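give me a model of this one.
(one chain, ligands or ions: 2)
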Amino acid sequence: MVEEWVEQMQHQVNTLKKLGEYINVSDDERKAIETLKTKWGTSPYFASLMDKDDPNCPIRKQVIPSMNEQVNKYGMENYLVWKENRATEEVRPDSIARQYHDRIAFTVVQVCGIYCRHCFRKELVVDQDLQLSFDVEEGLAWIAEHKEIRDVLITGGDPLLLPDEKLEYLISKLREMPHIQMIRIGSRLPIVLPHRITEGLKKAIGGFHKVPVWINTQCNHPKEITEKTAKAVYELMSCGINVGNQAVLLKGINDDVETFRELHQKLLRTRIRPYYVFYCEPAPGIDHFRTPVEKGAELIRDAIRGHTTGLAQPMYVLATKIGKIPLMPDYYIVDKNETEYTLRNYKGETTKIPNIPE
Ligand SMILES: *Cc1c(COP(=O)(O)O)cnc(C)c1O
Ligand code: SF4
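Ligands and ions are numbered 1, 2, ... in the order given. Prediction:
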């Protein structure tokens, strides 16, 4: 029997005709689909969450190509080569991206459940201008030799699109390496194809083991979360897998106070712990999604911190080739002298605590 998630993948919504079964395609959308040479598509499930009549629907904007993708005033050419330090002295397989001493990103597959229009790996995953080879064996051999690596972040593409047996193999190989202390999987599937969270998957990657598996998904708008998402997340947790979220700050999609707050509250209600919010990276062809750099910190200040549950608070980061740089809203220490600190809260109220000498 073909599993439901496989069937969903076989029936990807990736032609004008199929898209027309879900929405009234706008002229702009039609023109972009007909003109641009780019990979696009979504699972039928995620397509069914689109607003039929509103081209500004946050799901439509993440899934359907736009002529704006041809504009590239600020994006950096060869962005991924720069970002993932692919032009450095250290010899590494294509599948290994390294920015830190103790952890790496390990790319194992190039396909996705949906092809996000804002993807920072667009050159590789969506437009496919950049050709790299992702050899899992070669990557595993490199990790086995590098004893300083203690945390492996499996990424793509979408790693959960690998069949259960391949995932089981990958996870068990990593778990056998004495220096590997934790494994993370970056996957949009709990959001765009929750049907993937099957008993077979739970057996392949879950269970009690001293090397835990964490999943970080990507959800950018409250509309992306359904009952099905909640069930999938619960299933993952029931076999010991923690689920976090890495959102991307997207102009016109989640960059207003109401949406930003509701997104993070709803994630938490769904048992997904907000981890990061990323500034939309300067990759080519995604200028139209980008906000000013300070915007994310302002949203945390105006929508989250103090305004709602502390657990709902992600860290806002700029992802760069030298690692992720956190950007905080600055309102804590207003003043400091020899005897006391003056602190400010989210409402602008101040209070004092003593300055205790070392
Ligand atoms: C994001 C990333 C990591 C993980 O960073 P954390 O801050 O630990 O989540 C590791 N390696 C690369 C190349 C990355 O891009
Ligand atoms: S799922 Fe991830 S890798 Fe795939 S297109 Fe979306 S952002 Fe890019």
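
every contact and neighbour count from this point should use C-alpha atoms.
Fine.

contact partners for residue 339?
Contacts here follow C-alpha atoms under 8 Å, 6 or more residues apart in numbering; on that basis residue 339 touches 354-356.

ok, the residues you listed vs ligand 2, which is closest?
Proximity of those to ligand 2 (C-alpha to the nearest ligand atom) peaks at residue 355, which lies at 45.4 Å.

that closest one and ligand 1, how far apart?
Residue 355 is 32 Å from ligand 1, where distance means C-alpha to the nearest ligand atom, to the nearest Å.

count the neighbours of that residue for me.
For residue 355, the number of neighbouring residues by other C-alpha atoms under 10 Å comes to 13.

pretty sure it contacts residue 341?
Yes. Proximity of residue 355 to residue 341 meets the contact threshold set by C-alpha atoms under 8 Å, at 6.0 Å.

JSON lines please, covering the contacts of residue 339 and showing secondary structure and pLDDT.
Output for the contacts of residue 339, formatted as JSON lines (DSSP: H, G, I helix; E, B strand; the rest coil; pLDDT from 0 to 100):
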{"residue": "354", "secondary structure": "strand", "pLDDT": "94"}
{"residue": "355", "secondary structure": "coil", "pLDDT": "93"}
{"residue": "356", "secondary structure": "coil", "pLDDT": "91"}
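
in this structure residue 80 contacts residue 125, no?
No. Because the distance of 10.9 Å does not satisfy C-alpha under 8 Å, residue 80 is recorded as not touching residue 125.

neighbour count winner among these two?
Under the neighbour definition other C-alpha under 10 Å, residue 80 and residue 125 were set side by side, and residue 125 has more, 24 against 20.

and the gap between the nearest residue to the more buried one once chain neighbours are set aside and ligand 1?
Spatially, and ignoring its direct neighbours in sequence, residue 125 is nearest to residue 110 (5.9 Å; C-alpha to C-alpha, 6 or more residues apart in numbering). As for residue 110, its distance to ligand 1 is 16 Å (criterion: C-alpha to the nearest ligand atom).

which ones are touching residue 110?
124-125, 156-158.

checking it next. Helix, strand or coil?
Classification of residue 110 by DSSP: H, G, I helix; E, B strand; the rest coil places it in coil.

pull the contacting residues for residue 242.
Residues in contact with residue 242 (C-alpha under 8 Å, 6+ apart) are 213-215, 236.

hmm, try it at 6 Å
With C-alpha atoms under 6 Å, 6 or more residues apart in numbering as the criterion, the residues that contact residue 242 are residue 214.

pull out the buried residues from stretch 77-94.
If you call a residue buried by 16 or more other C-alpha atoms under 10 Å, then stretch 77-94 has these buried ones: 79-80, 83-86, 93-94.

what about that stretch, average pLDDT?
Over the span of stretch 77-94, the pLDDT mean works out to 80.

kindly report the same for stretch 275-289.
Model confidence over stretch 275-289 averages 95 on the pLDDT scale.

what is the end-to-end distance of that stretch?
For stretch 275-289, the first-to-last residue distance is 21 Å (C-alpha to C-alpha, to the nearest Å).

regarding residue 134, what is its secondary structure?
The three-state label given to residue 134 by three-state DSSP is coil.

go on, residue 149?
Per three-state DSSP, the local secondary structure of residue 149 is coil.

which stretches in the protein count as strands?
96-98, 103-107, 151-155, 182-186, 213-217, 242-248, 273-278, 315-320, 323-326, 333-336, 340-344, 350-354 (DSSP state E).

for stretch 100-117, buried residues please.
Under the neighbour-count criterion of 16+ other C-alpha under 10 Å, stretch 100-117 has 103-117 buried.

how long is it from one end to the other?
Terminal residues of stretch 100-117 lie 28 Å apart, using C-alpha to C-alpha.

return the distance of that stretch from the chain's centre.
Relative to the chain's own centre, stretch 100-117 is displaced by 9 Å; criterion: C-alpha atoms, centre = their mean, to the nearest Å.

ok, now stretch 183-191?
Averaging C-alpha coordinates over stretch 183-191 and over its chain gives two centres that are 8 Å apart (C-alpha atoms, centre = their mean).

cool, stretch 257-265 as well?
Centre to centre, stretch against its chain (C-alpha atoms, centre = their mean), the figure for stretch 257-265 is 17 Å.

just the residues contacting it, thanks.
For stretch 257-265, contacts defined as C-alpha under 6 Å, 6+ apart pick out 221-222, 254, 303, 312.

so which of these is the most crowded?
Each of the contacts of stretch 257-265 was scored by neighbours using other C-alpha under 10 Å; the highest score is residue 221's, at 23 neighbours.

not counting sequence-adjacent ones, nearest residue to that residue?
Closest residue in space to residue 221, ignoring its immediate chain neighbours: residue 263 at 5.6 Å, by C-alpha to C-alpha, 6+ apart.
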